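Undergrad: turn this into a model:
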Amino acid sequence: MRKWKKGPRRVVSQLITAVSICVIAITVATRVFALSQTANEIRSLLEFVEKSDCRFIRNGADYSGPRARAHLEQKLNYLESKNMVRSAEDFIDLAATKSSVSGRAYEVRCSGDVEPASVWLHRELQKQREVR
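TA: Reported below is the predicted structural model:
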């Protein structure tokens, strides 16, 4: 009789272990997918900045797309080293909204119109997500 009781207990224990491993694997896979999706969105935004004909205004001076991208990549690298960027929105809000030195908002001048860089980038992010 004892052997019979050990068998089902062992099976239940193994089943619980298998289910736990599956849950962990799914959680890890989901996180990896989310990270790669976030990285792709940020890369696309940086490419958008670089290729744009708009001028990026930082602390009163305007910069071309490639120079703006380089600056934003520097800030992104710093923020990533502190594990502060978990989404494309984090990238925009923490790296592309204002100067971390002066606190002045970044702006973008396109065809004479000036708007906050954060608004410009959030709008582009929404456009990119709609296309997917």
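
Undergrad: ok, now how distant is the closest residue to I57 other than its chain neighbours from R43?
TA: Spatially, and ignoring its direct neighbours in sequence, I57 is nearest to E107 (4.1 Å; C-beta to C-beta, 6 or more residues apart in numbering). (Each C-beta comes from the backbone N, C-alpha and C, glycine too.) Separation of E107 from R43 (C-beta to C-beta, to the nearest Å): 23 Å.

Undergrad: more neighbours: those two, which one.
TA: E107 (20 against 13; other C-beta atoms under 10 Å).

Undergrad: now that one, which residues is it bridged with?
TA: I57, P116 (DSSP bridges).

Undergrad: surely it meets S118?
TA: No. The criterion here is C-beta atoms under 8 Å, and E107 misses it with S118 at 9.5 Å.

Undergrad: quick revisit: the residue nearest to I57 and S99: what is the separation?
TA: Noted for E107: a distance of 11 Å to S99, by C-beta to C-beta.

Undergrad: A88 too?
TA: Distance from A88 to S99, by C-beta to C-beta: 20 Å.

Undergrad: do F56 as well
TA: Going from F56 to S99 by C-beta to C-beta gives 12 Å.

Undergrad: so what's in contact with the two at the same time?
TA: Counting by C-beta atoms under 8 Å, 6 or more residues apart in numbering, the common neighbours of F56 and S99 are Y106.

Undergrad: higher neighbour count, A88 and S99?
TA: Between A88 and S99, A88 has the larger neighbour count (other C-beta under 10 Å), namely 23 against 14.

Undergrad: for the more buried one, list the residues it contacts.
TA: 38, 41-42, 45, 125.

Undergrad: and the helix or strand harbouring L94, which residues are buried?
TA: Counting by DSSP states H and E, the element that carries L94 is helix 88-95. By 16 or more other C-beta atoms under 10 Å, the buried positions in helix 88-95 come out as 88, 91-92, 94-95.

Undergrad: in contact with F56, which residues?
TA: F56 sits next to 49, 62-65, 67-68, 71, 106-108, 117 when contact means C-beta under 8 Å, 6+ apart.

Undergrad: nearest spatial neighbour of it, chain-adjacent residues omitted?
TA: For F56, ignoring the flanking residues on the chain, the nearest one in space by C-beta to C-beta, 6+ apart is A68 at 3.4 Å.
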